[in-house]
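Undergrad: I would like the atomic coordinates for the input below:
(chains A and B)
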2 protein chains.
Amino acid sequence: MSTEKCFAKGSAAPSSVPNGYIRLYSMRFCPFAQRTRLVLSAKGIKHDTININLKDKPDWFLEKNPLGLVPTLETPAGEVIYESPITCDYLDEVYPEKKLLPSSPFGRAQQKMMLEQFSKITPYFYKIPMGRKNGEDVSGLEAELKEKLSKLNEDLVNKKTKFFGGDSITMIDYMMWPWFERLEVFELKHCLDSTPELKKWTERMLDDMAVKATMHSMENHKAFTKTYGEGKPNYDYGL
Amino acid sequence: MSTEKCFAKGSAAPSSVPNGYIRLYSMRFCPFAQRTRLVLSAKGIKHDTININLKDKPDWFLEKNPLGLVPTLETPAGEVIYESPITCDYLDEVYPEKKLLPSSPFGRAQQKMMLEQFSKITPYFYKIPMGRKNGEDVSGLEAELKEKLSKLNEDLVNKKTKFFGGDSITMIDYMMWPWFERLEVFELKHCLDSTPELKKWTERMLDDMAVKATMHSMENHKAFTKTYGEGKPNYDYGL
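TA: Numbers count the residues shown, from 1 in each chain, chains lettered A, B, ... in the order given. Reported below is the predicted structural model:
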């Protein structure tokens, strides 16, 4: 597609997915969609991207995915796949180049267990800023988040590896990354002060090509988050 | 193991997992653990079962799985796997006999998307009985549940298949079954009155050998649920 601008209700439906491509329905600042963008980028998968106005979704998008979620993948055959971990597993299974999931069933199970635990961390990245905005005392929530991050730190210490699945990046690293990219936006960067191994992990992640290719500048993140907090998300900020 | 009786804090740890076997840590009435029991049974996997007193967990169990969850699997090599869908996928990957997940990546993605949607239904099976117990008006919750069940019904109508993954039982059927086995216990059987295809599905499921092998009598379910509701679950009821 020639535009990154988001498609809203009333927009003309995009042309069908070209053969040899897969399509990602996304939102430029969505951390869940970034998971899929990371995998598409890391594996070098030919794709096009349609950004969706999540506040005012096109009817043609809701026909493809009645839940209206991003990320959603669509194949040239019209197959539709959503929920970020499911899209990522699908891509890793269909495109054999640069496998991101371990080859052993136990290795895959371990990554899925880690992801399940991580899914209990992501809500804090919303609850804490929201609480602060409402003038609440968030010190308890911050302590809980720090406790959970210290478990991740401990995991790296015990494993003695550079990344969560070994000494190179695997799926689980990409699944967790988007929220760490936004730590400064959420004003939570100090939560890494007592987790040195986890901090080193974030620094290593920043050297990865897929991370570089999918990330936004802090300025853009902050500006988007401001519009989001005001209830008027500017999905096209920076374009 | 020679006993189905649950192991509580202070109990002696069981012997190590015999070679050629896999071990399931379970609770006899737990619907999540039943998912794994269904898969073990359907695939004819050699296993032993250790039932855990979930109110008073043995230290040796918490050492194996600090989260203290059932179902948990343990291999002779000491590998530990938990979270019900992860245990079931693991078993299907490791034991190739009678594959329960589809062979195509899109087929697997479809089952995982269905499971994700189903995970939004299970909370109603607790919220409604709890609300009733507290004398609340649960008609709104019941209406929501019926709406969700009607979507499942519609899915079967559209697919024109006997089960959710085709004309034979696949993983997704086993993932959903335990809550339907308990509909009467939750006094929610009337919710199937307007979903005839879903009702037929429950009848077909009752003919399945693994379903028969893992199910409890309604009397036992009700008796256990009563003790559970009173805050003193009798994990050994009926033994």
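Undergrad: Skip ahead from the longest helix belonging to chain A and say which helix or strand is next.
TA: Longest helix of chain A, by residue count under DSSP state H: helix A:139-159. Sequence-wise, the next helix or strand downstream of helix A:139-159 (DSSP states H and E) is helix A:171-181.
Undergrad: centre of the chain versus that following helix, how much separation?
TA: In this view, helix A:171-181 has its centroid 7 Å away from the chain centroid, taken as Cα atoms, centre = their mean, to the nearest Å.
Undergrad: Same question for stretch A:206-224.
TA: Distance of stretch A:206-224 from the chain centroid (Cα atoms, centre = their mean) equals 11 Å.
Undergrad: Just the CA coordinates for that stretch, please, in CSV.
TA: Provided in CSV are the C-alpha atoms of stretch A:206-224 (Å, rounded to 0.1, in the frame of the first residue of the first chain):
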residue,chain,number,x,y,z
LEU,A,206,17.7,-2.1,20.8
ASP,A,207,20.5,-3.5,18.6
ASP,A,208,18.2,-5.9,16.8
MET,A,209,17.3,-5.0,13.2
ALA,A,210,13.6,-5.9,13.6
VAL,A,211,13.3,-3.8,16.8
LYS,A,212,15.0,-0.9,15.0
ALA,A,213,12.7,-1.3,12.0
THR,A,214,9.4,-1.3,14.0
MET,A,215,10.2,1.2,16.7
HIS,A,216,8.9,4.8,17.0
SER,A,217,10.9,7.7,18.3
MET,A,218,10.2,8.6,21.9
GLU,A,219,8.8,11.9,20.7
ASN,A,220,6.2,10.2,18.5
HIS,A,221,5.3,7.7,21.2
LYS,A,222,4.8,10.5,23.7
ALA,A,223,2.8,12.7,21.3
PHE,A,224,0.5,9.8,20.4
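Undergrad: ok, residues contacting it?
TA: A:28-29, A:34, A:37-39, A:41-42, A:169, A:174, A:177, A:181-182, A:184-185, A:205, A:233-235, A:237-238 (Cβ atoms under 8 Å, 6 or more residues apart in numbering or on different chains). In short, each C-beta sits where N, CA and C put it, glycine included.
Undergrad: List the buried residues of that stretch.
TA: By neighbour count on 16 or more other Cβ atoms under 10 Å in any protein chain shown, the buried set for stretch A:206-224 is A:208, A:210-211, A:214-216, A:220-221, A:223-224.
Undergrad: Please list the residues of chain A that sit near chain B.
TA: Within chain A, the positions near chain B by Cβ under 8 Å from any Cβ of the partner chain are A:75, A:79, A:81-83, A:86-87, A:89-90, A:93-94, A:105-106, A:108-109, A:112-113, A:116.
Undergrad: which ones among the residues you listed are found in helices?
TA: Among the residues of chain A next to chain B, the ones falling in helices (DSSP H) are A:86-87, A:89-90, A:93-94, A:105-106, A:108-109, A:112-113, A:116.
Undergrad: Just the buried residues from those, in ChimeraX please.
TA: Here is the ChimeraX command that picks out the buried ones among those, judged by 16+ other Cβ under 10 Å:
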select /A:86,87,89,90,94,105,106,108,109,112,113
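Undergrad: Who are the packing partners of the longest helix of chain A?
TA: Helices and strands touching helix A:139-159, by 3 or more Cβ pairs under 8 Å, 6 or more residues apart in numbering or on different chains; DSSP states H and E, are helix A:105-118, helix A:124-133, helix A:196-205.
Undergrad: Lowest average confidence across those, which one?
TA: When the helices and strands packed on helix A:139-159 are compared on average pLDDT, helix A:124-133 comes out lowest at a mean of 94.
Undergrad: I figured A:Pro71 hits A:Ile86, correct?
TA: No: judged on Cβ atoms under 8 Å, A:Pro71 makes no contact with A:Ile86 at a distance of 9.4 Å.
Undergrad: check contacts around A:Gly44.
TA: Under the criterion of Cβ under 8 Å, 6+ apart, the neighbours of A:Gly44 are A:97-98.
Undergrad: how much space between it and chain B?
TA: In this view, A:Gly44 and chain B are 18 Å apart by Cβ to the nearest Cβ, to the nearest Å.
Undergrad: for A:Cys6, same thing?
TA: A:Cys6 sits 24 Å away from chain B, going by Cβ to the nearest Cβ.
Undergrad: That residue: how many residues sit nearby?
TA: Per other Cβ atoms under 10 Å in any protein chain shown, the neighbour tally for A:Cys6 reads 23.
Undergrad: Which residues are in contact with it?
TA: Taking Cβ under 8 Å, 6+ apart, we find A:Cys6 in contact with A:27-28, A:51-53, A:235-236.
Undergrad: pLDDT score assigned to it?
TA: pLDDT for A:Cys6: 96.
Undergrad: got it, and the one 10 residues further on?
TA: Note for A:Ser16: predicted pLDDT of 95.
Undergrad: Could you give the average pLDDT over the longest helix of chain A?
TA: In this model, helix A:139-159 has a mean pLDDT of 96.
Undergrad: ok, and what's touching that helix?
TA: Helix A:139-159 is touched from outside by A:114, A:117-118, A:120-121, A:124, A:127-128, A:131, A:164, A:188, A:191-192, A:194-198, A:201, with contacts defined as Cβ under 8 Å, 6+ apart.
Undergrad: ok, back up a step: next, format the ones in helices among the residues of chain A next to chain B as CSV and append distance to A:Asn65.
TA: CSV is the format used below for those (distance: Cβ to Cβ, whole Å):
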residue, distance to A:Asn65
A:Ile86, 12
A:Thr87, 11
A:Asp89, 17
A:Tyr90, 14
A:Glu93, 20
A:Val94, 19
A:Pro105, 30
A:Phe106, 33
A:Arg108, 26
A:Ala109, 28
A:Lys112, 23
A:Met113, 28
A:Glu116, 24
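Undergrad: hmm, back to that, select from the buried residues of stretch A:206-224 every entry located in helices.
TA: Applying DSSP H to the buried residues of stretch A:206-224, the entries found in helices are A:210-211, A:214, A:220-221, A:223-224.
Undergrad: right, and the pair among the residues you listed with maximum separation?
TA: Using Cβ to Cβ, those reach their maximum pairwise distance at A:Ala210 and A:Ala223, which is 23.5 Å.
Undergrad: follow-up on the earlier one: can you show me the CA trace of the longest helix of chain A as PDB?
TA: Extracted in PDB, the C-alpha atoms of helix A:139-159 (Å, rounded to 0.1, in the frame of the first residue of the first chain):
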ATOM      1  CA  SER A 139       3.100   3.100  44.800                       C
ATOM      2  CA  GLY A 140       1.400  -0.300  45.500                       C
ATOM      3  CA  LEU A 141       1.000  -1.000  41.900                       C
ATOM      4  CA  GLU A 142       4.600   0.000  41.100                       C
ATOM      5  CA  ALA A 143       5.800  -2.300  43.900                       C
ATOM      6  CA  GLU A 144       3.900  -5.200  42.300                       C
ATOM      7  CA  LEU A 145       5.300  -4.400  38.900                       C
ATOM      8  CA  LYS A 146       8.800  -4.200  40.200                       C
ATOM      9  CA  GLU A 147       8.300  -7.600  41.900                       C
ATOM     10  CA  LYS A 148       7.200  -9.100  38.600                       C
ATOM     11  CA  LEU A 149      10.100  -7.500  36.700                       C
ATOM     12  CA  SER A 150      12.500  -8.800  39.300                       C
ATOM     13  CA  LYS A 151      11.300 -12.300  38.500                       C
ATOM     14  CA  LEU A 152      12.100 -11.700  34.800                       C
ATOM     15  CA  ASN A 153      15.500 -10.400  35.900                       C
ATOM     16  CA  GLU A 154      16.000 -13.500  38.000                       C
ATOM     17  CA  ASP A 155      15.100 -15.700  35.100                       C
ATOM     18  CA  LEU A 156      17.900 -14.200  33.000                       C
ATOM     19  CA  VAL A 157      20.300 -14.500  35.900                       C
ATOM     20  CA  ASN A 158      19.500 -18.200  36.300                       C
ATOM     21  CA  LYS A 159      19.600 -18.900  32.600                       C
END
